[in-house]
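[1] sequence unknown, structure follows:
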């Protein structure tokens, strides 16, 4: 099986936040578990969206839904480690794009993980994928916009 490689442009990170690895995040091998990393990535995503004034679900029933998540692990993290989550967006299309993450440990500069979370806009009332709201697109205008009607 081919190994997954995640690399993102340095200039696409728009936000950063720190999270602490809790004792309850540790697995049987005595390091940060995959399930807890996914929860931390979700928390970093929620903080990022909040910082930019994006509600995860709008009044009309439209919200962001995660379509996929890819994570590569570079080194272990342990209980009480402070982790820095740098967050960005890229690869927009008509319906969504990718939220990217670089996770490092500031204490020693170690790269802990890289991740990419695909997303689309989804109307929970009609149960259909809908085009990206113009307001969202405008907030992140520096991202390459692909207006592909077939996506």
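    That came in fine, so what should we check first? Owing to the predicted nature of the structure, the values given are computational and were not obtained by experimental measurement.

[2] what bridges to the nearest residue to residue 43 once chain neighbours are set aside?
    Once flanking residues are discounted, residue 43 sits nearest to residue 19: 6.3 Å by C-beta to C-beta, 6 or more residues apart in numbering. Any C-beta I mention is one placed from the backbone N, CA and C, and that applies to glycine too. Assessed by DSSP bridges, residue 19 has beta-bridge partners residue 83.

[3] who's in contact with residue 19?
    Listed by C-beta atoms under 8 Å, 6 or more residues apart in numbering, the contact partners of residue 19 are 40, 43, 44, 82, 83, 85.

[4] Likewise for residue 4?
    Contacts of residue 4 by C-beta under 8 Å, 6+ apart are 70, 72.

[5] For it, which three-state class applies?
    Three-state assignment for residue 4 (DSSP: H, G, I helix; E, B strand; the rest coil): coil.

[6] What ranges does the chain have for its helices?
    Per DSSP state H, the chain carries helices over the ranges 34-51, 134-139.

[7] mind giving me TSV with these and columns for mean neighbour count and mean pLDDT?
    Shown next, in TSV, are these (neighbours: other C-beta atoms under 10 Å; pLDDT from 0 to 100):
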stretch	mean neighbour count	mean pLDDT
helix 34-51	17	96
helix 134-139	12	87
